[in-house]
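# with the input below, show me the fold.
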Amino acid sequence: MFRRKVRAPDGQTWTLGRRWLPRRRRLGRARVRDIGDGSLPDFGADDLGAIAVVIAGVIAVVVAVFLALMLFNVFAIAIELLLLVLVALAGVIGRVVFRRPWIVTAKAGSTRLEWPVVGYFNSRRRIEEIAGQLALGTQLEPAPSDRR
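Model (predicted):
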């Protein structure tokens, strides 16, 4: 997102920019609670004869499963990166070929105004126009979709 800050004559600082995607709602944060008192259980395993072989076998199985899952994750990450590149290409094609508008935004405090502008360079010109209007103290005209 291209950002530019402008200070209006009334002292308010406006942040201007453009967005690729529409705004999304924020999700709440998960709360992690403490489990247990932090002490380790005592199994009473003082004699480690045959138990050591079982423990070594279990550790070997855990390590093998861990390595298998690591390799799976490497492949999964490679596939996700490929999908990310494909989605980015689709976004660029949607913006350039199908002329989907950029959303030019102006935000100061709780005030947020948005204008749809077709074309990357047109959106940059619109940001510069809005910055000039704000620097002169002109009241911004919201886009028709912002009027309520």
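# so where's this protein shaky on pLDDT?
Scanning the chain for pLDDT under 70 picks out the ranges 1-2, 22, 29-49, 144-148.
# which parts of it are strands?
Using DSSP state E, the strands of the chain run over residues 3-7, 13-19, 102-108, 111-117.
# residue contacts, the residue nearest the centre of the chain?
Computing the C-alpha centroid of the chain and ranking residues by C-alpha atoms, centre = their mean puts R24 first, at 10.1 Å. With contacts taken as C-beta atoms under 8 Å, 6 or more residues apart in numbering, R24 has no neighbouring residues. All C-beta atoms are positioned from the backbone trio N, CA, C, and that covers glycine.
# what's the single longest helix in the protein?
The longest helix of the chain (DSSP state H) is helix 49-96.
# now do the end-to-end distance for stretch 7-20.
Stretch 7-20 has an end-to-end distance of 25 Å (C-alpha to C-alpha, to the nearest Å).
# I'm done for today, thanks for sticking with me.
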